[in-house]
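Student: What follows is a protein structure lacking sequence information:
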């Protein structure tokens with residue numbers, strides 16, 4: 001099997017607690033994950049002295065403001081070549097200019113917003129084909145926050161009210177960008193109480209591993225299968241391989257689901273999870289015996 005040469009970084013979103021990019025509210029003009037080191041980690045993974053970064057704001061309803069935020073944040077880390085791919089529809093996605101800029105850059109950063117915009121605008125395009133090719137064959141980095149993280153997987157949640165996510169049919173699933181296979185990614189996981197939402201996704205497709213990303217938290221994906229937790233919060237892994245009783249196929253829509261024997265792991269910074277072996281490895285714990 002040939003593993004991807006590039007890296008993915010999926011971030012749980014809402015890096016700035018005074019900003020809700022999904023709702024179009026911008027109260028403070030800064031990105032908290034810059035301070036917490038996630039953006040610094042992204043830049044270090046690019047492994048280029050003068051990296052060329054392109055920010056894609058297709059998912060956002062306020063693309064220009066979001067792009068400016070990212071430019072400012074990257075500039076604090078010494079990245080001066082930061083472009084904004086203002087792709088708003090499928091016609092934009094097919095523009096030769098954007099294909100050419102994709103060819104030349106070292107990193108793509110997908111902003112938050114509405115993940116269905118990402119899948120419906122980029123699906124089946126030459127741009128997406130080239131993006132996958134660069135990820136597979138080059139030391140290339142694709143990062144995404146919130147919707148940008150959720151769209152990375154082959155299976156993508158695009159809608160689902162967490163309050164009723166235990167009921168069959170309340171979690172809507174479609175095909176994502178397909179950069180990461182056999183996983184389902186959910187974001188804002190702790191703050192918005194999305195465990196049942198992700199669990200229903202896994203119950204419907206037990207071969208897929210659920211990855212729940214807390215805010216200010218993310219995972220680095222190496223070789224397409226090794227996840228390393230980064231940031232200040234928790235990453236929840238939901239493994240449905242050993243599910244036994246599962247009523248989701250047989251109950252009526254709107255009825256509560258029952259699922260037996262789901263495996264759950266909780267990861268924090270430095271922990272590693274292997275998607276192929278489904279094994280968890282905790283980070284080394286340094287014990288300080290001094291009083």
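Tutor: Now that the structure is in, tell me what you want to look at. Treat the numbers as computed from the prediction; the structure is a model and nothing was measured.
Student: For residue 34, give me the pLDDT.
Tutor: As predicted, residue 34 sits at a pLDDT of 50.
Student: ditto for residue 172
Tutor: 97.
Student: Could you find the closest non-adjacent residue to it?
Tutor: In this structure, residue 172 finds its nearest non-sequential neighbour in residue 159, 3.9 Å apart by C-beta to C-beta, 6 or more residues apart in numbering. Placement of C-beta: from N, CA and C, glycine included.
Student: Tell me how far that neighbour lies from residue 181.
Tutor: 22 Å (C-beta to C-beta, to the nearest Å).
Student: go on, residue 97?
Tutor: Counting by C-beta to C-beta, the separation of residue 97 from residue 181 is 30 Å.
Student: Same check on residue 51?
Tutor: 27 Å.
Student: Could you check which of the two is surrounded by more residues?
Tutor: residue 51 (21 against 12; other C-beta atoms under 10 Å).
Student: wait, the more buried one sits on residue 81?
Tutor: Yes: here residue 51 reaches residue 81: they are 6.9 Å apart, a contact under C-beta atoms under 8 Å.
Student: Select the helix or strand of the chain having the lowest average pLDDT value.
Tutor: Counting by mean pLDDT, DSSP states H and E, the chain has its least confident helix or strand at strand 19-20, which shows a mean of 44.
Student: tell me which element residue 53 falls in.
Tutor: In the assignment (DSSP states H and E), residue 53 maps to strand 52-56.
Student: Residue 102 too?
Tutor: Residue 102 is part of helix 96-104, with elements assigned from DSSP H and E.
Student: and the next helix-or-strand element following that helix, how far from the chain's centre?
Tutor: Next helix or strand after helix 96-104 toward the C-terminus (DSSP H and E): strand 107-110. Here the centre of strand 107-110 is set off from its chain's centre by 11 Å, with C-alpha atoms, centre = their mean, to the nearest Å.
Student: and strand 107-110, what does it pack onto?
Tutor: Counting contacts by 3 or more C-beta pairs under 8 Å, 6 or more residues apart in numbering; DSSP states H and E, strand 107-110 is packed against helix 38-46, strand 52-56, strand 141-145, helix 147-150.
Student: right, and the ones you listed - which one's nearest residue 13?
Tutor: Nearest of those to residue 13, taken as C-beta to C-beta: strand 141-145 at 5.1 Å.
Student: Please enumerate the strands of the stretch 101-250 of the chain.
Tutor: Here the stretch 101-250 of the chain has its strands, by DSSP state E, counting those that start in this stretch, at 107-110, 141-145, 155-159, 172-175, 183-186, 209-213, 217-222, 226-231, 235-239.
Student: what would those look like in JSON lines with mean neighbour count and distance to residue 200?
Tutor: Shown next, in JSON lines, are these (neighbours: other C-beta atoms under 10 Å; distance: least, C-beta to C-beta, whole Å):
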{"stretch": "strand 107-110", "mean neighbour count": "25", "distance to residue 200": "25"}
{"stretch": "strand 141-145", "mean neighbour count": "28", "distance to residue 200": "22"}
{"stretch": "strand 155-159", "mean neighbour count": "21", "distance to residue 200": "9"}
{"stretch": "strand 172-175", "mean neighbour count": "14", "distance to residue 200": "9"}
{"stretch": "strand 183-186", "mean neighbour count": "27", "distance to residue 200": "10"}
{"stretch": "strand 209-213", "mean neighbour count": "28", "distance to residue 200": "10"}
{"stretch": "strand 217-222", "mean neighbour count": "25", "distance to residue 200": "21"}
{"stretch": "strand 226-231", "mean neighbour count": "22", "distance to residue 200": "21"}
{"stretch": "strand 235-239", "mean neighbour count": "22", "distance to residue 200": "10"}
